[in-house]
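Student: Provide a 3D model corresponding to the input given below.
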Amino acid sequence: MAKFGKWIGGGLGWAFLGPLGGLLGFALGSMLDGGSSVVGADGQRKAGPTTQGDFLNSLVVLVAAVMKADGKILRSELDYVKANFQRSFGPAAAQQATQLLKEVLKQDIPVESISRQIGRHMDYSSKLQLLHFVFGISKADGHVSESELKLIERISYYMDISSSDYNSVKATFYDNLDSAYAILEVNENSTEDELKKAYRKMAIKHHPDKVAYLGDDIKKKAKEKFQKLTEAYEKIKKARGIA
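Tutor: Below you'll find the predicted structure:
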């Protein structure tokens, strides 16, 4: 179990309670040949604040659910996910996460109950970052299938993310003017003043410092979304001829 210390050690919080804990417990038990008792999946622990481990374990389970959405799991998909994990969290954590992912993929995932658990316990900024990760991984091969898109939308709904924020995150993965408006949660009829206010509001909502407690790796990833906001704002200003 020691070699999974970084992945598990910081994650014995609310992620190991309820349906999410049961799923992770079974997967980790299979990995360690020790049964699901290796984690506190019995619900006896008290849920505390979100930890980096809570976030990462939640991410692994949701990624597995999305990968299973189209009924087939390709080796290329696993390679894409592992590469994404390596860029975001480093080689050691990526290896652990990939091993856990392979075990979770073998199980039936109760998406609604797990997503609702995440929605109840994770702060909003972290949920937005989680959604951003899931979208990014689903499009790692250059295409998001209709089944994957529908599942991600359901996950977002169950996590209690607003439809406007869901559309904003989704739009960051498309490069056109309509997407730029969606990222800022405005439309082509918005005034220049409304655009400025929207940009400031979104910059506060998605500021990387809001997820700094989850660690430098996740904060670095959050900066990508923050940069997309600026790019969207500049794209709209350019299209409108605003200096």
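
Student: now do R75: how many residues are near it, please.
Tutor: 7 (other C-beta atoms under 10 Å). Yep, even glycine has a C-beta here, placed from its N, CA and C like the rest.

Student: ditto for the one 4 residues further on
Tutor: The number of residues packed around D79, counting by other C-beta under 10 Å, is 13.

Student: in three-state terms, label S190 for me.
Tutor: Secondary structure assignment for S190 (DSSP: H, G, I helix; E, B strand; the rest coil): coil.

Student: my guess is it contacts K196, does it?
Tutor: No: with contact defined as C-beta atoms under 8 Å, S190 does not reach K196; the gap is 9.9 Å.

Student: and the gap between the spatially most central residue of the chain and E112?
Tutor: When C-alpha atoms, centre = their mean is applied to the chain, the residue found nearest the centroid is L130 (2.0 Å). For L130, the distance to E112 (C-beta to C-beta, to the nearest Å) stands at 16 Å.

Student: over to F85?
Tutor: F85 is 25 Å from E112, by C-beta to C-beta.

Student: same check, this time on E194
Tutor: Note on E194: its distance to E112, by C-beta to C-beta, is 36 Å.

Student: could you do A171 as well?
Tutor: 25 Å.

Student: name the helix or strand for E194, please.
Tutor: According to DSSP states H and E, E194 maps onto helix 192-205.

Student: still on that earlier bit, tell me the secondary structure at the residue nearest to the centre of the chain.
Tutor: L130 - assigned by three-state DSSP - is helix.

Student: give me the pLDDT for it.
Tutor: On pLDDT, L130 comes in at 92.

Student: and if you look at E192?
Tutor: E192 is given a pLDDT of 92.

Student: same question for K106.
Tutor: 90.

Student: and what of A222?
Tutor: 85.

Student: got a list of contacts for the helix or strand where L100 lies?
Tutor: Take DSSP H and E as the rule and L100 turns out to sit in helix 91-104. Outside helix 91-104, the residues that touch it by C-beta atoms under 8 Å, 6 or more residues apart in numbering are 3-4, 6-7, 23-24, 27-28, 30-31, 56-57, 59-61, 63-64, 78, 81-82, 85-86, 88-89, 217.

Student: and what of stretch 64-76?
Tutor: 77, 81, 101, 104-105, 109, 111, 114, 134, 137-138, 141, 145, 147-148, 150-152, 155.

Student: now the end-to-end length of that stretch.
Tutor: End-to-end distance for stretch 64-76, by C-alpha to C-alpha, to the nearest Å: 14 Å.

Student: residue ranges of the strands in the chain, please?
Tutor: Along the chain, no stretch is classed among the strands by DSSP state E.

Student: low pLDDT regions in the chain?
Tutor: 1-13, 32-48, 141-142 (pLDDT under 70).

Student: could you list the domains of it?
Tutor: Using automatic domain parsing, the domains assigned to the chain come out as 1-161, 162-243.

Student: need the longest helix for the protein.
Tutor: helix 216-240 (DSSP state H).

Student: packing partners of that one?
Tutor: Judged by 3 or more C-beta pairs under 8 Å, 6 or more residues apart in numbering; DSSP states H and E, the packing partners of helix 216-240 are helix 75-89, helix 124-138, helix 177-183, helix 192-205.

Student: any idea of the angle it forms with helix 75-89?
Tutor: 100 degrees (axes from the mean of the first three to the mean of the last three C-alpha atoms, to 10 degrees).

Student: what's the angle from helix 216-240 to helix 192-205?
Tutor: Going by the same axes, to 10 degrees, helix 216-240 makes 170 degrees with helix 192-205.

Student: what about the residue nearest to the centre of the chain, distance to V211?
Tutor: Taking C-beta to C-beta, one finds L130 at 10 Å from V211.

Student: any common contacting residues for those two?
Tutor: With C-beta under 8 Å, 6+ apart, L130 and V211 have no common neighbours.
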